[in-house]
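[1] here is a sequence with its predicted model. Questions after.
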Amino acid sequence: MVTISNYQAAEIYHTSHHDAHRDACFVVGYCDCLVHTEPASGILHTVRSGFQTVTGTMQSAGSWISFPFKVIGNALDQTQGASDEQLTKLQAENEELRATVIQLEEYRQENKRLSSLLQTF
């Protein structure tokens, strides 16, 4: 039985992985050269055009699908992004509004009391 150490296994993986990257780069470079030297009506241009059509359609569909999530995300960013100054200002405004509500309730009760007094006469 043949055993190899973890180091040897990692070296084998790295070497084969490096070779795969080198081979992929070579293929992409070769195809790029072919596309630039091939006439516009060639097979690579046709395949490239078809691929761009399909991926462009997918990109458009993805944009439409993701649009509501972008809107929700933007809304959440705006509500959570209040600065300390804005928060202090909003708290002060909230206190003023609460005081106004209390005052209006007192006026309403006073109006009700005065209206009942007028009805007795």
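    Perfect, thanks for sending it.
[2] going forward, measure contacts between C-alpha atoms and count neighbours the same way
    OK.
[3] for residue 73, what is the enclosing helix or strand?
    In this assignment (DSSP states H and E), residue 73 forms part of helix 43-80.
[4] one more: residue 41?
    Here residue 41, judged by DSSP H and E, is contained in no helix and no strand.
[5] how many neighbours does it have?
    By other CA atoms under 10 Å, the residues close to residue 41 number 8.
[6] tell me the confidence at it?
    Looking at residue 41, its pLDDT reads 72.
[7] number the chain from 9, please
    All right, first residue 9 from here; so that's residue 49.
[8] measure it to residue 56 for me?
    11 Å (CA to CA, to the nearest Å).
[9] again, but for residue 116
    75 Å.
[10] with residue 113 instead?
    73 Å.
[11] likewise residue 107?
    The value you get for residue 107 to residue 56, if CA to CA is used, is 69 Å.
[12] and residue 116, what element?
    helix 92-128.
[13] which helices and strands sit right next to the helix holding residue 81?
    helix 14-45 (3 or more CA pairs under 8 Å, 6 or more residues apart in numbering; DSSP states H and E).
[14] what average pLDDT does the helix it packs on get?
    61.
[15] next: stretch 82-101.
    pLDDT averaged over stretch 82-101 gives 79.
[16] buried set for it?
    For stretch 82-101, a neighbour-count test (16 or more other CA atoms under 10 Å) marks nothing as buried.
[17] swap in stretch 64-80?
    The neighbour-count check on stretch 64-80 (16+ other CA under 10 Å) flags nothing as buried.
[18] list the contacts of it.
    Contacts to stretch 64-80, defined as CA atoms under 8 Å, 6 or more residues apart in numbering, come from no residue at all.
[19] repeat the analysis, applying 10 Å as the threshold.
    Applying CA atoms under 10 Å, 6 or more residues apart in numbering, the contact partners of stretch 64-80 are 58-61, 63, 81-86.
[20] using PDB, write down the CA coordinates of that stretch.
    What follows is stretch 64-80, C-alpha atoms only, in PDB (Å, rounded to 0.1, in the frame of the first residue of the first chain):
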ATOM      1  CA  GLY A  64     -28.200  39.600 -22.000                       C
ATOM      2  CA  THR A  65     -31.700  38.200 -21.700                       C
ATOM      3  CA  MET A  66     -30.800  36.600 -18.400                       C
ATOM      4  CA  GLN A  67     -29.300  39.900 -17.100                       C
ATOM      5  CA  SER A  68     -32.500  41.800 -18.000                       C
ATOM      6  CA  ALA A  69     -34.700  39.200 -16.300                       C
ATOM      7  CA  GLY A  70     -32.400  39.200 -13.200                       C
ATOM      8  CA  SER A  71     -32.600  43.000 -13.100                       C
ATOM      9  CA  TRP A  72     -36.400  42.900 -13.100                       C
ATOM     10  CA  ILE A  73     -36.500  40.100 -10.500                       C
ATOM     11  CA  SER A  74     -34.100  41.900  -8.200                       C
ATOM     12  CA  PHE A  75     -35.700  45.400  -8.500                       C
ATOM     13  CA  PRO A  76     -38.200  45.000  -5.600                       C
ATOM     14  CA  PHE A  77     -35.400  43.800  -3.300                       C
ATOM     15  CA  LYS A  78     -33.200  46.800  -4.200                       C
ATOM     16  CA  VAL A  79     -36.100  49.100  -3.400                       C
ATOM     17  CA  ILE A  80     -36.700  47.400   0.000                       C
END
